[in-house]
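Asker: Fold the following and give me the result.
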Amino acid sequence: RLVQLEWQVPADTGYGDTLSLPIDMYRLEVSQCGSFSAVDPVCLYFTDDVYPNNTHLAHLGNRSADAFGYPLTYNISVDLHYGFFYSYRVQPLNALGFPVAPQVRVFQYGIIPFAVATITVPQVVTLGLPIKFGVGNSKLDVWNGATLVPQSTIKMSGMPLVRKLADVAITFTGVPPELAHKINNTSPVFEVVSSSLKLGTELEFKPPILTEADLSLCGQCLFRVTVTMVGWSEKSKGFSFLYFAYPKALTRGLSTALGPINGGLNVKAFVEDFEGSGTRRGAGDVNLFQVLSKAQRGMVAFRAPSGAVSLANLTKIEESTEYLPSTPNGRVFVLSFVQPASPTEAEGFVAISVLVGDANLPLAQTSVSFNFKYVGAELLNIIPPAGNLNPGSGGLAVSIQVSNLRKSADLPVVTWGGYPTTVTVGSPAPHPVGTMTVVTVNVPELPLSLVGPVGVNLTATSLDGKNLLAEFTYTLPPKPAIDFLTMTIEGNLGGWAASSGFAFS
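Answerer: The predicted structure is shown next:
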């Protein structure tokens, strides 16, 4: 910027009024900080020396080659910044040196219409309250009380002209050490939208993106950012902003947590989701209301610890009449689906999650587990659990209830205490864990040496080498006995006593 200075001859240039010494040179100085020191790298400092024969001198009045004419005007080129105050000093030099108390004049380069810096965020915050950011799926939603609003630029009035982001210093307070790298290294957190003395400066605030995991590190994630003009700390303004997490959906129940490896069970999952201000539905983020309105497809994922996944489409979604919501803005949904086959084609536990479109519905960990167990063939019951197998008994027909026994061309092989048996297999029937098949076993007479617990072993080709084990109690019939109280001898009924050498039992 080109600045023109004008000054008159000093009133006293020597030993009072009786003697004046000629001015040999004028030193012109411009300072942003007022200290007239070139040491501070942030503070603008400019100096120039003017002699009578200086070709840049634009004087008013007459002068000779070795004398000044007054008043004097002189043009200097300085990188002045609109809105800042600058100090100007003109020091004459003669044989006695520089003056002891030179006059300093302060002028603002361009006039800022507001004396105090103010900040406004249109349509975003109520005066004095922090800007609230709801943490969604890789995005932030701006809330003004209970209202979701578009993220707006921040207007800072009463600030000097900002030509580039380096003109301002950005500082954060209230940030925990664990998040300092994520908050402070967000670049840039501001961008200059526009800046003028009349309309003020508009900076677009780009808040750091935090995740729900980040929020667990700071408790109440209330931070403050301050914008300060470099070189003019009085021109400083800040505002607070608060991160919060939307409430996750709650697991409320499963109609069954067991099922066969090949799937096929009708299952119902009960999930509570929320609506209203400060919720994912209010922000338009992933929620079950989108599935209810058919705006999004709903699916259920069965994920094994190995990462393998089986998916099932929702066959129906409706509000539950069995569960009451935990809060007034909660609604409990019934998600109906057909259990998919095991993602690992084997037994084991999987975790159930809900998909809305292609996004996971955030589910909170509650006392109701959404773990599901794939159950293979299991020996459920032996009916009866005990019986007589002694020689002369003719053996015994026993029913074995087996869950999820797959059909096979070969009959199961059942041994009873190591002895072979003959079997017949019934048709599978529905069961809470899938299907149940009754295997009827004709157990032969067994030696008396096996009386007591007897091992039962069932194998089948469809079991892939798995043995189903159980125990059966081999019992003996009661011993023969004579009830002497019911004996009659020659028509006489009475309490007969045994003679020597005999005993009644």
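
Asker: where exactly do the helices run in this protein?
Answerer: Ranges of helices in the chain, per DSSP state H, are 177-184, 212-215, 280-283, 288-292.

Asker: Export these as CSV, with columns for distance to residue 244, mean neighbour count and mean pLDDT.
Answerer: Quick note: C-beta positions are derived from backbone N, CA and C, even for glycine. As requested, the helices of the chain are exported to CSV (distance: least, CB to CB, whole Å; neighbours: other CB atoms under 10 Å; pLDDT from 0 to 100):
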stretch, distance to residue 244, mean neighbour count, mean pLDDT
helix 177-184, 15, 13, 83
helix 212-215, 8, 14, 87
helix 280-283, 11, 22, 91
helix 288-292, 20, 21, 97
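
Asker: right, so of those helices, which gets closest to residue 136?
Answerer: helix 280-283 (5.8 Å; CB to CB).

Asker: How far does the closest one sit from its chain's centre?
Answerer: Here helix 280-283 is found 15 Å from its chain centre; the criterion is CA atoms, centre = their mean, to the nearest Å.

Asker: ok so, going back, nearest to residue 258, out of the helices of the chain?
Answerer: helix 288-292 (24.9 Å).

Asker: For that closest one, give me every contacting residue.
Answerer: Applying CB atoms under 8 Å, 6 or more residues apart in numbering, the contact partners of helix 288-292 are 249, 271, 273, 275, 281, 296-298, 314, 317-318, 331, 333, 354, 356-357, 361.

Asker: Which ones among those map onto strands?
Answerer: When the contacts of helix 288-292 are checked against strands (DSSP state E), the matches are 249, 271, 273, 298, 314, 317-318, 331, 333, 354, 356.

Asker: who wins for neighbours among those residues?
Answerer: residue 273 (29 neighbours; other CB atoms under 10 Å).

Asker: Hmm, residue 218 is touching residue 177, no?
Answerer: No - Residue 218 is not in contact with residue 177 according to CB atoms under 8 Å; the separation is 10.1 Å.

Asker: residue closest to the middle of this structure?
Answerer: Central residue of the chain (CA atoms, centre = their mean): residue 212, 2.4 Å from the mean position.

Asker: give the contact list for that one.
Answerer: 135, 245, 362.

Asker: Please tell me which one of those residues counts the most neighbours.
Answerer: residue 135 (22 neighbours).

Asker: Skipping adjacent residues, who's closest to that residue in space?
Answerer: Among residues not flanking residue 135 along the chain, residue 245 sits closest, at 5.2 Å (CB to CB, 6 or more residues apart in numbering).

Asker: And the one you found, how far from residue 140?
Answerer: For residue 245, the distance to residue 140 equals 11 Å [CB to CB, to the nearest Å].

Asker: Find residues that contact each of these two.
Answerer: Counting by CB under 8 Å, 6+ apart, the shared contacts of residue 245 and residue 140 are residue 134.

Asker: Would you agree residue 324 is in contact with residue 332?
Answerer: Yes - using CB under 8 Å, residue 324 is in contact with residue 332, at 7.2 Å.

Asker: Neighbour count: these two, which is higher?
Answerer: The residue with more neighbours, out of residue 324 and residue 332, is residue 332; 20 against 10, by other CB under 10 Å.

Asker: Perfect, I'm done here.
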